[in-house]
Structures are given as structure tokens and as C-alpha cells.
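Chemist: A structural model of the following input is requested.
(chains A, B, C and D, ligands or ions: 4)
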Amino acid sequence: MKNRPPLALHIPTARFRPGDTPDFSYLQLPRAGEAKRPDVHCKASETRELSYGLVRVLDDNGNAVGAWDPKLEPETLRRSLRAMMLTRAFDERMFRMQRQGKTSFYLKCTGEEAVAVGQAFALNRDDMCFGTYRQQGLLIARDWPIVDMMNQIYSNTRDRLKGRQLSILYSARDAGFFTLSGNVGTQFPQAVGWAMASAYKRDRRIAAAWIGEGSSAEGDFHHGLIFAAVYRAPVILNLVNNQWAISSSQGVAGGEEATFASRAIGFGIPGIRVDGNDLLAVYAVTRWAADRARSNQGPTLIELFTYRVAPHSTSDDPSRYRPGDEGQHWPLGDPVDRLKTHLIGLGEWSDERHQQLAADLEETVRAANAEAQTYGILSEGPHHDPATMFEDVYKEMPWHLREQQAELARLRAQREEKP
Amino acid sequence: MKNRPPLALHIPTARFRPGDTPDFSYLQLPRAGEAKRPDVHCKASETRELSYGLVRVLDDNGNAVGAWDPKLEPETLRRSLRAMMLTRAFDERMFRMQRQGKTSFYLKCTGEEAVAVGQAFALNRDDMCFGTYRQQGLLIARDWPIVDMMNQIYSNTRDRLKGRQLSILYSARDAGFFTLSGNVGTQFPQAVGWAMASAYKRDRRIAAAWIGEGSSAEGDFHHGLIFAAVYRAPVILNLVNNQWAISSSQGVAGGEEATFASRAIGFGIPGIRVDGNDLLAVYAVTRWAADRARSNQGPTLIELFTYRVAPHSTSDDPSRYRPGDEGQHWPLGDPVDRLKTHLIGLGEWSDERHQQLAADLEETVRAANAEAQTYGILSEGPHHDPATMFEDVYKEMPWHLREQQAELARLRAQREEKP
Amino acid sequence: MATMNMVQALNSAMDVMLARDPDVVIFGEDIGFFGGVFRVTEGLQQRYGEQRVFDAPIAEGGLVGVAIGMGAYGLRPVVECQFADYIYPAFDQIVSEAARLRYRSGGEFNAPLTIRAPYGGGIFGGQTHSQSPEGLFTHVCGIKTVIPSTPYDAKGLLISAIEDDDPVLFFEPKRLYSGPFAGYHDRPVEPWAGQPASEVPIDHYRVPLGQASVVREGSDLTILAYGTMVHVALAAAREAEVDAEVIDLRTLWPLDIDPIVASVKKTGRCLIVHEATRTGGYGAELSALVQERCFHHLEAPIERVTGWDTPYPYAFEWDYFPGPHRVADAIRRALAS
Amino acid sequence: MATMNMVQALNSAMDVMLARDPDVVIFGEDIGFFGGVFRVTEGLQQRYGEQRVFDAPIAEGGLVGVAIGMGAYGLRPVVECQFADYIYPAFDQIVSEAARLRYRSGGEFNAPLTIRAPYGGGIFGGQTHSQSPEGLFTHVCGIKTVIPSTPYDAKGLLISAIEDDDPVLFFEPKRLYSGPFAGYHDRPVEPWAGQPASEVPIDHYRVPLGQASVVREGSDLTILAYGTMVHVALAAAREAEVDAEVIDLRTLWPLDIDPIVASVKKTGRCLIVHEATRTGGYGAELSALVQERCFHHLEAPIERVTGWDTPYPYAFEWDYFPGPHRVADAIRRALAS
Ligand SMILES: Cc1ncc(C[n+]2csc(CCOP(=O)(O)OP(=O)(O)O)c2C)c(N)n1
Ligand SMILES: Cc1ncc(C[n+]2csc(CCOP(=O)(O)OP(=O)(O)O)c2C)c(N)n1
Ligand SMILES: [Mg+2]
Ligand SMILES: [Mg+2]
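Modeler: Ligands and ions are numbered 1, 2, ... in the order given. Now for the predicted structure:
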């Protein structure tokens, strides 16, 4: 061992940078239908292979194949398709509104719609979702009024969050949607705590949490897994691997040498890797995990393997760090196209109906946006009364905040006087 | 799924509590020699089985068997035995000194001596160790003067830590021993950073970190694994599973459903579970990991499977939470006895020499303790000058600390005047 | 009524709340079967079962994160942080989450959790078993910070904290667990028994949050203190033989400002004492508030007597701890000017 | 000399240090190939290679923990925390480890790391992209806290921070990255170009830590400020048409106390401004220090103008931000009494 070379530091790098031609052939993608589907009551160890594989239901021709085919009703498939398309239309319009300066920030989930939508359909309406900023599809799939979402984005007079929270960081208790945090990862142990409480109360509702592959490096991810495993919490822990964390490739989060789903193995809980652009696969795996949780078998970690087609957010410029056409090369296609093809293959859908639906949704979003703007927009208002900014810091407003509230009122009055 | 029972919360419990008769037969312990020994340059995935198994070299008759036998020189074995026995004698005496009120706190590693000692012998003297409070064996195996350790325990005038640090939280840069923290877990990412720096500098030294199974629930453990895996840091990550974290069983840390070694799998690094009471196995596995790290193959997670025979610390009373005789039932025996038997089997040791050595070490510790006490003890002093408490907060003492130092001097002078 | 030390009083508060409210759950490191390293939860698991009182993994960030989720569901979790010195791994969950939940969700969600943590020195615990981090939390809006100084207050305040719908940090002066401590480390240890404040109702009662108590009326100067330092302040006043008014804040934030302002306007002098490090400590806020509100009544500079701006040095505990001698010295200085 | 905005000046500081000292390494989220979300590290990886400037996992606690280990080895790591709002997961590593290493090891180990983090509001970033957490760190002994207000100071202070052997928290006023900002959000944005402080040497130079600068001499009252608020204070003085002395602290701790005391003794009045929440903020310490040292010279109460004690409310940014109007109002009040 004497004449061994000195140590060297390994730095992970993205496979493709601007100027490169993306080539994803290095991904060994199992064929659709190949993955085994263990019983919901199986031992976690029986799922190990699933954390290295990839559950796929839709094959390249759009046929549903294999043990994981959830055999959904055409009507459910159409509703899922609609929710994905509405999410996309909503994203497009709101992105434009930000570009027009009507709000300061927006963030799309383009290409990842099957994640939130497929999972929302696999959960019960009253299961509690602890999402990230990229699961707007949960609200849309649960038919939450998009005008209400827009009101939050515009921080207008109808914004239930009273202008306090950055655009898109929704909160919708009645939709089983937990208040989003700007700090990534924190929701993971919180979801586990909610699930533990539900189990403690002998309730039947479960919790679901989402985290990005990049954010899974945070200690919160570990804390969530430990508590979920130790107390067998009825929770679904979802890790959305969309290949990018702003400009950092998934390798920087530890994805070079292992799948993220395999993180589950060391905790003795099932870890399943699923094609995140295949709504049927997403639904089936989520449903499996939900049934398992509801029957007191504890948590499941699901890695949703997808691709972030959108820029990170309106503040981002992906052309600085990845090839502009990388998304088109993504081998697992587009979730909307794939479900559309599947439905057409079933004879339950057509290009005409698809175009018609797209047009209808376009109009729905346009109308909602027009309505929302009548309640105000961030840049011009109207907003809630600034005096409300002192509310809800505590349940009852303490003296110091009452003083500060009065001080602000005095200063505003002053400003009115001499403009 | 309608008439499914409601959810219920699972609470892990220790298998045996005071009054129970411990029975460890539920542990399926592989036979010694059984475990395969993959090549040091193997892919991490080839080590998966090792993270569920248990590497054992010494069989029940004390013979070294199997591919993991490190084939150590008898002299090395005797030096290891001596280090373990000295560690134990040191612990016993210092524990008594605390009971006599000469210091406020002490903590033994009884039953776990093979961990620190076996690993110290497998590392190079200049590899940097980021230990916990239970690796005093590292210092002893590296022939660090025990008087110096006692000076720290007594916070006397020769205490290099100047009376600032709780007993046993040593720091010994020249022994490659990083300053111990009172906060569990923090050293894990630090060791990785040190190793990354060594690789960045094209050095040949590696780092090793230790953490208890209980503390592995901290986010720091996760951070350590992520950074180590992502940058292939030349570091050995050791998790000492001694079954207990104060009063909490390893199940509370997530050990019910999976081994701790298997936590490595999700990071794509080798995870090896080893009999922590078998010095030869500990040495062999550590050496394997060290060679791997030195040849730029990156980190290894080692689970050292052992039993905490000692109380957590002098502040603890284990009889409140576990059977008093649980330690005797531990199926993997005592590390000192096992190595002794092995050496005797080799014809390289005898009961007489063993007793003689025990007596010599007893005397060594007694003499060192006597010497250390001449430099002072915590309860009665002498200590360093209290004025030194303001040093080393910053490299240069800022004005506010100079003011506070003067203020203390004034107050102390005042007290002298009117006692 | 029963005679209780602070450990028993805290235990009784949780006992009462577990009995009254099925939504109260308690968890933390070693707090279940074992009853906690300071025995504060002793017997509770045996009485209320493992579903309601249980051991947790060693991950303070996880403890608080999980408690937030439970609170969002509708429970009232009480978590123990084994030592205040170990609360930092939970800092993000406390500051970014628990403290913000109600605000950022427009009132849809809140985190009615109580975080208990023994704090302060006096037991030779060294740097990492002696800290007083309250000043890091009083700067954070959305949380309440409470520190009792007697068994009676400890029980009444802890019950109020558990019943409160906002997150409460409840720091317990560990040196006061078994007896009042005025800083005379060289004198025999006093037990709580015999002290009026150790007479504690067995049943439910509240000491409201946000109310200070004037523990000694006086006219020469006002001393603001909390936790262990309340006892030190009283002793120092005796040593200095002055007629001090001593106010026990009990709740650090939201602060009970009126009695403080009234007292300083009366005495014209103010001394602030805490064990935490001086710079940026809670004493600075108290000093600023008093100065802003009593400026024209002040006859001498407001003084702070605090821990030095160093880690808590193990062997020099009694040179570090701001004992009665140091406080008395400051009292004399305040009265001299 | 070159004309630089603050982003370019900070970039130049790291460029210079990477060139001078092979032990300097820089890492953080998105700071490598991409050059950082605020472009502060732009081009550095291309110039110095991936071994020295690289992207890191999203784990602030890991970032700092790893940097501590590198520092202990002998490197000088510079880590970027993408926003100061996200520094809390690293709180334990900063407070319990980086700040304690030298002390607890008797000087054997130290953590010569620099943590850069953009802080403050003014860019409609909402609750979690606008925070000013400096007051949480000025309470912690063992770390230094630095905040520049101009490109010239930014480069000189960052170089001093990187060369310093103690851990330094370096908060960058993100609203000042591209131009000076006096709080007039409704006026056209000014660039740095043209400002004297945007003339920055291309090479190595230091602005020493621990030295404040009197950016405006005056006799009516003393205004203590740092970061963005320095520019607001100057504008407010103009608005109020008073002859204010404005001191830019530059290093919050260890504080340069002498010029502050000298100034307040001269003016007899003191106003403290910061964007951070008021209660327990760094302004409280400044108020306490000034009051303790200038008591007999004070002609009016020391005032604090700060962010309100609420999270930074997205839509109400300009009602929250303590702009020149609010500061001028406080100046008048201070001079009236
Ligand atoms: C604690 C914390 N650190 C850093 C950030 C800044 N940040 C916001 S999103 C993001 C990338 C997250 O990537 P990923 O988790 O993969 O989610 P994705 O955006 O891909 O959906 C970062 C670094 C943050 N919001 N919170
Ligand atoms: C951050 C932090 N939390 C809690 C503690 C209190 N504490 C000290 S040791 C210990 C148990 C650790 O058990 P384990 O990690 O298994 O190590 P062992 O004592 O068994 O060697 C605990 C909870 C601490 N020191 N630091
Ligand atoms: Mg991502
Ligand atoms: Mg243990």
C-alpha cells in the first residue's frame, strides 16, 4: 500500500450542461409491467427490489400493463387528465401574470403534474397533505377553487392568508392541505406527527408528505423517516426526484450511487420507485402505500422519478445551467400526453375532446383570473388593511403589538397628510 | 376496506425491564467465520448482505476463523489486550474518584473496549478521530499519557483545557483526537469535512467518526452520510450500537425493523455490521474500510454491535430501567475475556501473565492518579487562574471580555478583603 | 395542598393535564419508562400508558417537528428537551415553523405545543449542561417564553402553558428543582419544604402567562429577575441591606410591562439580573424598555448583572455564576450614583 | 480601481482570496457552476475549478458542520447560506460547535470559517426571503458578526472575514446588491455606479473587523445603523433636516464602542435603527450599552426604529420596512424631547 496515489476529492457534476446534447440512455429503465406487486401486508424487506427498480404501468404505446395496473374507471382517468391539464393551464397563466408584474413570484410544476394529481386521486379527500411549493396539483385535483389560489397569489382583499405569505405558499385546511413553508423539508416530521396523532386518536385519516430530492439532504428528512419508522406512523413519505434542485443535479443530493427510494431500506420500511410521469403507476403505488398505512402497517417511502420541465421559479434562468432542450429528451415523456394516449387507446377519449377540454380549461382559468384581479393584485392592490399584519402572531394580540399597530396607523395618517 | 380496524400508534418498548429475565435468543447471530469478505475495491452493492449480517472472527472457543481473520501478530494482539485492560482499569478508578467527590462526572465504556481499541490499531496514528465520550480507548490505544486525561477529569492546574470543559470531554490534537462535544452527533459532518479537506489537499490521512445508535437519530448523522457519499470522502463512519441510549432501547432509535448498518445502503456506500466485542473482527472490518478510504473508494458505515455494560454515566442508575444482570446475558461475551482466550489458545498468553498484567496496570493507574491529584482536583483545586476563563473565546480578547476579566478580578479581590 | 419541590410540582402539572385532557401527550428523550433524567415525568407513563407518555428518538428537531404536526391535528403535545443546551437542533422547527404557523396560515393552523427544558447552571454541568438560551427565543415573535422560580408558580405556569394555544418555551431552572438557591454554593443545600411556595394545590390551577409578580416591595431600587436569579436577587438585597423592590417576571415574553414601569418610576433605579451571557441577552431588551419608558425618572444608569460573555466554564462555576455578592456589589453601585 | 456593485465587490473578494490562499474553498447551494442565485460566486468555479468552488447538498447544518471539519484540518472554508432565513438548520453547528471549538479545546482547534448569507427585505421575498437574524448571533460568544453597507466595505470586510481565525457570520444586505437603497421604494432604482463607495480596488485590501465608520458627522443626534439602514438613516436625516451624526457599525460584534460613546456624549441623543424585529434585537444591546456608558450625557431617551414584531409580511413590505419617513419621524421626536 506504500505507492498508493494520494487522496482526491470527488465532486459530482451534472451530466449535461448548456451546449451539451442530452442523452439519457445511461438510465436503465425497466420495461412497463415488469415490476412485481407485493401484497400490501408484506414485510418491508420484500419490497427491496422495488426501491432499485421503477414501477411503470403505461407502456410506450400507452397500454396499461402488469400487476400494478390500478384498473381505474375511464371517468376517473378523464378527471385525472382534466386536473393535470387544468394545473398546467393555471401554471401557464400565472407565470405570465408574474411576467406582467402582477405578482412578484410564481412557480410551475410543468411535467410533474402526474405526481400531485395521481396521488390526490389515490388518497381520501380528508387525508392531510404536507406538500412542497410544487404540489399545486393537489388543490386542483381536490377541486379547490382556483380563484382562491389566485387570490393568494395576488395577495388581494380575498386572500385568506391576508397578504402575509409569498405567492403560491398556500394553506387550505378544508382541502386537507397544510400551510406551505418557505423552508424546505420542515413539513416532513410534521406530517409524521400529524399521522401519529391520527393513530393516537384511533382515527382513519392518514397523512402524506412531499419533499424534493434536493431537500431530502436536510435533517428533517431523516427525522421524518426515523419517527415514522419507530412509531409506524400512518404516513406516505413522497420524495419527488425531478432531477434538479434549482441548478444542482440530483447527484449533489446523493443520487449518483443509489436511488432515493432505497433510503427506506435502512429504516425497515418499504421504498418504492415509480415513474412519476405515469399517472397510473403513481396512482397504483400511492394507493398501495395508503392501504398499507390504513391497515396499521406503517409508512412507505415513494420516490417519484420525474423531470422538472419548468424553470425552478420565475426567479430562475435554467439556460444558465442545463441544455434548453433537456426536457424534450426525458425518456419518460409527458404525463398529460401519456394519459391522453392511454385514454384514446381505450376508446374513451379523442383528439377533438382533448382540444375542446384544453380550450374550456383555458377559458376557466382566464375567467377565474379576471375575477381574482377584481379583488386586487399585488402590485397595485387593493390588499387587506395593513393593520391586520399584527394579527395572528399570537392568538390574542399582546400590548407591544397593539402599540406597534397604533404606531403604524399614526405614521400612515401622517403620510396621507403630507404626500 | 370498509370494516377495517381504526389506526393505532405503535410504541417501541425495551424487551427486558427490571424484574425480567433477559433472553437474547431472539438475536439470530451468524456463526463466526461465516461472513464473506468482498474485495476492498468492490462496488458498495456487493456489501449489502454484510449490513444485515454480523462479521465475527473469534468463534466460541476463541479461535480466529474465516475470511475476515486479520492474522495479526501476537505482539499486536497483546498490545491490544493491554490497551483494553488499561482502559478498563482507568475507567474503574476514575469512576471511584467521582464517587469520592473528586470530580463531578465520569463515564465508562466497560464492555465496549474492543471498539475504540480495535479501531485505533486498524487506523494510522495520524488519522483524525472524531469520537464520542465513550471512545477513551482511542487515546489509551495511542499511548496518550493517562495522567493528562486525569488532569482534564480533575480540571487541575495541568488540565490543557484549562478547567473549561466537563470531565472526560477530552481534546488531544497530537493524538489525532478531535475535541469532544457535549452535544451528541455534531462530530459526524465535521469528520466528513476533515476528510474532504484531506482529500482536497491530496493528503494520505483519513478521518474516522463515531456516534451512538441513539444519537444516530440526529440530523447530523444524515448530513454526515450525505456529504460523505456525495464527495466520496475518505472517512469511516462508525455507529456504536450498544443497545442503550441512557434508558432508551435501540428500538427507539429505529433498530426494531432494520440494522443500523443498512442505513448505508440508501447512500450507495458499504455498510458492515460487526461483532463489537470481537477485537479481531473490529480490527479487520475497520482496516477494510480504511484501505478502501485510502484508495479513494470513499466512506464506509460500520455498525459496531455491542452492549453497554456500564451505566450511562455516574449520573445514571440503570437499575431503574433494565435488569441488573442483562449484561451477563449478552451473547457476545466480554471483549477482554475473548481476546485473552484467543491468545492463550495461540499459546501466546497465560492466566499468570494476564493476572500480572492486570496488577501492573492497576499500579500504573494508581500511580498516575496519585500524580494527577498532586496537580489538583475539581472539588478542592488548585485550578488554573479564573482569569483564564476569558481567553480563547476569540483568538484576540475583545474589549468587552477584558472589561469583564477586570470586573471579576475586582470582585475576587473584594471577596478576599472581607471573607 | 401538598408540599412539593419543583420537580414534583411540574410532575403534578402534567399529571393533572393528562387526567383532564385526552389530547395531551408527552414525549421526549428518556421521559417514558425511566421518568426523565431529572425525574420530572416519573410515574406518568405507568399511570397514563405508553400511548400518552413515551420515549422519543434523540433528535430535538424531530421532537418539535412531530409535535407541530400533532398540534396541527388538534393534540396538545408537551415535549421535553433534556437540557436547554440541546434545543439548537430544533431551532428551525421552533423559529420557522411553530412560531409562524398561525401567522402564515391566516389562522388556519396553530401549534399549541409546550417545550420543557431544564436550563441554567449550578450543578457543575459544564458548557453543555448549564446554558440559559432564553434570549434567543425572546427575540422571536410568535412564541412565548416562561420561567418559574418556585414550585407553586412552576405548576400553575406549566398548566397555563399546556392550555395555551400558542407555542410556549418553558425553561426550568434546574438548580431550583430540589430547593431554593440563592447562590450560596458553600452553604448547606436548602430543601423546598418549609418554603411557603412549596405548598402546592394537588388539583388544577393556573398562574396566568404574561403576569409578573412583585416578590418584594421596596423603594430604593427595582430589581428585575426570573428563575434562579429571583432568589439570588432577594439574597443580594439582604446582603446590601437595601429596601429593594424585586420583580419576578415569570413570563419573559409577552412581558408584563406595567408593574415594571410603575416600580422604576417609583424607585428611580433599576438593576437587571440574569445568568445568561450579557451581550444581546434578554437583559438588554429589559434595559431598553425601561430606559424608553422611565427615562425622566431614572436617577442612575440601569445596570445589568449577568453571566460573563464566555461559555459556562466547568471548573469556574462560582466565578461565572452571578451570585449574591456580585449582585449586591451592583446594588451598591446603583445606589451610590 | 474598478466600479463595482456589491455583488461584484463580494465576488472580487473571493476571487482575490482564492488566488492568494490555496486553503480557501467555497461551497454552498447552487454556488458552483451556476454562480449562486444572486450571482455572487459567478465565474469562480470556472476560474478555480470544481475542487475549490462547488455545489453542496441542501443541508445548512451539513454545510457548516463540514466547514468546521475543514477548518479544523487547516482550510479556510467560505460557505454560502442561500438566504439568512435558512440559517436555522445550522444553528447548532454554529452556536455549539463553531463558536466553541477554540474555547473548549483550550486553543487546540479553531474554526476559521466564514458564513455568507443575504439578509433583509426590500425585494418582495415574503417571510422567508427577508429576515434579519443578526440579533440571534450577536448574543452568542465566540462568533463575529459583520454587515457591510457599500461595495468598498463589502470587499474589504469579506477579505478580513476570510482571513480571520474565528468564525465570522457575514450578512449581505441583498437590497444593496445592485445599488444603494434609502427606502424610497417608489423612486427609480439607483445603481452603485457613480457612488464613491463603488470605486473598489481590484486587488487585495482589508477593511478591519471591529471598526465602525462615521459616515456623516453631525451634532444634533447620533444614529447607529448598519447594512441597508445606513442609507435609510442618511436619507432620514436629510428629510428631517437635522445635523445628525451617522455611524455605520460594519462589525456588529465585537462592537467598536468608542466612537459610539464619543458621539453620543457629543450629541446627547441617540437613535438606533435596524430592519430586524424590535424585541430582543441587536438594537436592544446597543441601547443598553449606550445608556450604561452615556447616561449622564443623555438629553432624551434612546429610541429604536426597527421592523415590527411580526414575520415580514409579503404584501405589506413598505409598511413593514422602517423607511426614511419613519426614521425621520423618530428623529424629530428625539430632538423634540
Ligand atoms: C432550508 C432551506 N434551504 C434552502 C432553500 C432555498 N431553496 C428553495 S427551493 C430549493 C431547491 C429545492 O430543490 P428540490 O428539493 O429538488 O425541489 P424542487 O424545486 O426540485 O421541486 C432551494 C435550495 C430553502 N427554501 N430552504
Ligand atoms: C443534542 C443532544 N441531545 C441530547 C443529549 C443528552 N444525551 C447525552 S448522551 C445521550 C444518549 C446517547 O446514547 P447513544 O447515542 O446510544 O450513545 P451511548 O451513550 O449509548 O454511547 C443523550 C440523550 C445530548 N448530549 N445532546
Ligand atoms: Mg428537485
Ligand atoms: Mg447507545
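
Chemist: Moving C-terminal from the lengthiest strand in chain C, which element do we reach first?
Modeler: For chain C, the longest strand by residue count, based on DSSP state E, is strand C:270-277. Under the assignment DSSP states H and E, the closest C-terminal helix or strand after strand C:270-277 is helix C:282-294.

Chemist: and for the helix or strand that that following helix is followed by, what are the contacting residues?
Modeler: Per DSSP H and E, the first helix or strand lying C-terminal to helix C:282-294 is strand C:303-307. Strand C:303-307 has contacts (Cβ atoms under 8 Å, 6 or more residues apart in numbering or on different chains) with C:121, C:132, C:270-278, C:281, C:283-284, C:287, C:320-322, C:326-327, C:330, C:333-334, D:288, D:292. Any C-beta I mention is one placed from the backbone N, CA and C, and that applies to glycine too.

Chemist: Just the buried ones from the residues you listed, in ChimeraX syntax?
Modeler: The ChimeraX command for the buried members of these (criterion: 16 or more other Cβ atoms under 10 Å in any protein chain shown) is given here:
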select /C:121,132,270,271,272,273,274,275,276,277,278,281,283,284,287,320,321,322,326,327,330,334 /D:288
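
Chemist: so residue A:54 touches residue A:32, yeah?
Modeler: No: when contacts are counted by Cβ atoms under 8 Å, residue A:54 is not listed as touching residue A:32 (9.3 Å).

Chemist: Return the nearest residue of the stretch 101-250 of chain C with respect to ligand 3.
Modeler: Nearest to ligand 3 in the stretch 101-250 of chain C, going by Cβ to the ion, is residue C:104, at a distance of 22.8 Å.

Chemist: How confident was the prediction at residue A:28?
Modeler: Residue A:28 is assigned 88 on the pLDDT scale.

Chemist: wait, residue C:245
Modeler: Residue C:245 is given a pLDDT of 98.

Chemist: Which neighbours in the sheet does the one helix or strand it maps to have, and how are they oriented?
Modeler: Per DSSP H and E, residue C:245 falls inside strand C:244-248. Neighbouring strands of strand C:244-248 in its sheet, by DSSP bridges, are strand C:213-216 (antiparallel), strand C:221-225 (parallel).

Chemist: residues from the stretch 151-300 of chain C in reach of ligand 3?
Modeler: Within reach of ligand 3 by Cβ under 5 Å from the ion, the stretch 151-300 of chain C has no residues at all.

Chemist: From ligand 4, how far out is residue A:154?
Modeler: Distance, residue A:154 to ligand 4, by Cβ to the ion, to the nearest Å: 53 Å.

Chemist: so that residue touches residue A:380, yeah?
Modeler: No: using Cβ under 8 Å, residue A:154 makes no contact with residue A:380, being 9.6 Å away.

Chemist: Which of the two has more residues huddled nearby?
Modeler: residue A:154 (28 against 12; other Cβ atoms under 10 Å in any protein chain shown).

Chemist: contacting residues for the more buried one?
Modeler: A:102-103, A:167, A:372-373, A:375-378.

Chemist: what helix or strand is residue C:115 on?
Modeler: Element membership for residue C:115 (DSSP H and E) is strand C:114-119.

Chemist: Tell me the confidence at the closest residue to residue A:398 other than its chain neighbours?
Modeler: The shortest distance from residue A:398 to any non-neighbouring residue, by Cβ to Cβ, 6 or more residues apart in numbering or on different chains, is to residue C:254 (3.7 Å). We have a pLDDT of 98 for residue C:254.

Chemist: For residue C:254, grab the count of nearby residues.
Modeler: Neighbour count of residue C:254, defined by other Cβ under 10 Å: 21.

Chemist: so it sits right up against residue C:208, yeah?
Modeler: No: using Cβ under 8 Å, residue C:254 is not in contact with residue C:208; the gap is 11.2 Å.

Chemist: Alright, calling it a day.
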